[in-house]
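**Q** Predicted coordinates and the sequence they were generated for:
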Amino acid sequence: MSKNSVEKAPEFDLDKIDFSILSPFIIAHKATDDKGRYLHWDKLKWRVPRADAENIWLAVKFHRVMQKRTVNLTDEKSRHFSYIITHSMEEKLHKIIKFAEKNTKDGVEKPNLENIYQKFILSSFMKEEAITSAQLEGASTTSKVAKKMLEEERAPLDEDERMILNNFLLLKHTEKKSSDELTVDLILEFHRIATNLTTENNVIPGEFRQNNDIYVEDKGEIAHQPPCYSEIPYRLQKLCDFANTDHSGSDQNQFIDPVIKAIILHFMIGYEHPFRDGNGRTARALFYWFMLKNKYELFRYISISKLLKSDPKGYGLSYMYTEKDQNDLTYFIDFQLDIILSAFGEWEEYLKNRKNDFNHILNVLEGSKFNSLLNNVQKDIINRSIKEPGRVFTAIEIANSYFYSENTARSYLSKLVSLKLLLETKDGRTKLYIAPYDLMQRLK
């Protein structure tokens, strides 16, 4: 066994437990350690006396099994997946729900400054998610170049850029389909958009893999062998049934928090690995689709992939821990809750900086002859120009950044040219608008 691989946890079977031996360990230990951590056997065995390690593990598993919530999804051997909600996870869920509710009420849906924050930030985060989701799958294009491509609607130059453009289109499509029920055809549709005109692993956009030669490798070893390709249509239909089932607690089905359910959907696409390539992108799109379907509007502004990209090892381990501990989804769910909270933290910081930037330009313009002549979008363009002298804008970029028509964007830019706050030139038939280096002086 490689030192980098995850050791499979000792199997827990309640019928085989010798309570005369295990009882003292059950009294002394709980589902988490004294720091509230939900440790896998691979971690726990090094933190306890070696001679007692397996008994301590079985005692921990006893508490986990007593608390587990089984979901109507199984592995290829018909063994159910399950999870528990620890005290620390309850706290994380509470923070996520309160944060989402507060920001929906206070900023995301309420019109403010002509929705300049909402429009620009939504555009920025959609680009961020599209780029980092592709980079997480191996795309090597730099974020700056990729963002420029999306802003200017330039045709992709290579397959890496194509992946990013596909992701951007996929995010838009998930929002469009957020009121629909999940079907196998919709999953295929998501995949087709994610992999359109790409060739990695001989992928066929919108089609399931037709053999079992696809597996997940880690450090030269097979970390996950997905279920047989012949079962994919049936298994994904089961996943759709799970997604469409009412788990609000109002019916006879057990309550599953929508955030937890979205994370489980994310996990299961990775587990089933139904496609030759693009499984991760499809899985993350499904996560966003379900969050938007359940009116978590804030997730339109949150880039999950950016945080996953910063911790690919943790992302991979959360999958392996689940598979190597009797389908316990808790590891993956807990990791994803941390990712979401980190993404919320980034959202707050980004929003704070954007507001500070905008307030700065309002202060600069206050009392000037331009203040009453400019709308908030034009003021924001001025702010971006001050920060990046020589920056080149196009009408299509401004249209995409603020969700206006190209004609409206062009009129905004032309007004800035007429006021001598931007310079105008041409590249072929395309008008370019340039931020002058002496812009601050021009504003006085």
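**A** Yes, it's here.
**Q** Can you give me the distance of the closest residue in space to residue 258 that isn't next to it in sequence to residue 65?
**A** In space, and not counting its chain neighbours, residue 258 is closest to residue 294: 4.0 Å by CB to CB, 6 or more residues apart in numbering. C-beta here means a position set from N, CA and C on the backbone, and glycine is covered the same way. From residue 294 across to residue 65, the span is 29 Å (CB to CB, to the nearest Å).
**Q** same question, residue 382
**A** Relative to residue 65, residue 382 is positioned 61 Å away (CB to CB).
**Q** and residue 45, what pLDDT?
**A** On the pLDDT scale, residue 45 is placed at 96.
**Q** May I ask you to confirm that it is in contact with residue 57?
**A** Yes: checked against CB atoms under 8 Å, the pair residue 45 and residue 57 is within contact range at 7.1 Å.
**Q** Compare neighbour counts for these two and give me the winner.
**A** Taking other CB atoms under 10 Å, residue 45 and residue 57 do not tie; residue 57 has more neighbours (22 against 17).
**Q** Can you list phi and psi of that one for me?
**A** Backbone torsions for residue 57, taken as degrees, to the nearest 10, come to phi -60, psi -40.
**Q** again, but for residue 425
**A** phi -150, psi -180.
**Q** Residue 434 now?
**A** In terms of degrees, to the nearest 10, the main-chain angles of residue 434 are phi -110, psi 140.
**Q** Tell me the bridge partners for it.
**A** Counting by DSSP bridges, residue 434 forms beta bridges with residue 392, residue 423.
**Q** pretty sure it is touching residue 394, no?
**A** No: using CB under 8 Å, residue 434 is not in contact with residue 394, being 10.7 Å away.
**Q** who has more neighbours, these two?
**A** residue 394 (20 against 16).
**Q** now the more buried one: how far from residue 400?
**A** Residue 394 is 9 Å from residue 400, by CB to CB.
**Q** For these two, list the residues in contact with both.
**A** The contact sets of residue 394 and residue 400 overlap at residue 151 (CB atoms under 8 Å, 6 or more residues apart in numbering).
**Q** looking at the protein, which helix or strand is least sure?
**A** strand 216-218 (a mean of 74; mean pLDDT, DSSP states H and E).
**Q** so after that one, what's the next helix or strand?
**A** Next helix or strand after strand 216-218 toward the C-terminus (DSSP states H and E): strand 221-224.
**Q** same for that following strand, what does it pack against?
**A** Judged by 3 or more CB pairs under 8 Å, 6 or more residues apart in numbering; DSSP states H and E, strand 221-224 is in contact with strand 216-218, helix 312-323.
**Q** Which SSE is immediately downstream of that strand?
**A** helix 232-244.
**Q** Low-confidence bits of the chain, can you list those?
**A** Across the chain, the ranges flagged by pLDDT under 70 are 1-4, 103-122, 218-219, 251.
**Q** Touching, residue 395 and residue 410? I think so.
**A** Yes: here residue 395 reaches residue 410: they are 4.0 Å apart, a contact under CB under 8 Å.
**Q** neighbour-wise, which of those two wins?
**A** Shown here are residue 395 and residue 410; by other CB under 10 Å, residue 395 has more neighbours (23 against 18).
**Q** can you tell me which residues contact the more buried one?
**A** Contacts for residue 395 were tallied using CB under 8 Å, 6+ apart; they are 406, 407, 409, 410, 413, 431, 433.
**Q** For residue 34, state which of those is nearest.
**A** residue 409 (57.4 Å; CB to CB).
**Q** Name the helix or strand for that closest one, please.
**A** helix 406-418.
**Q** Which residues does that helix contact?
**A** 373-375, 377-378, 381-382, 393, 395-399, 402, 404, 422-424, 431, 433.
**Q** Pull out the buried positions in it.
**A** Neighbour-count burial for helix 406-418 flags 409, 410, 412, 413, 416 (criterion: 16 or more other CB atoms under 10 Å).
**Q** Mind giving me the packing neighbours of the one helix or strand residue 341 maps to?
**A** Per DSSP H and E, residue 341 falls inside helix 330-365. Judged by 3+ CB pairs under 8 Å, 6+ apart, helix 330-365 is in contact with helix 87-103, helix 116-136, helix 258-272, helix 304-310, helix 312-323, helix 376-387, helix 439-443.
**Q** Neighbours of residue 211, how many?
**A** Residues near residue 211, counting by other CB under 10 Å, number 9.
**Q** Give me the neighbour count for the residue nearest to it when sequence neighbours are not counted.
**A** In this structure, residue 211 finds its nearest non-sequential neighbour in residue 229, 5.8 Å apart by CB to CB, 6+ apart. Per other CB under 10 Å, the neighbour tally for residue 229 reads 17.
**Q** Hmm, residue 207 and residue 229 touching each other?
**A** No: under the criterion of CB under 8 Å, residue 229 is not in contact with residue 207, lying 11.1 Å apart.
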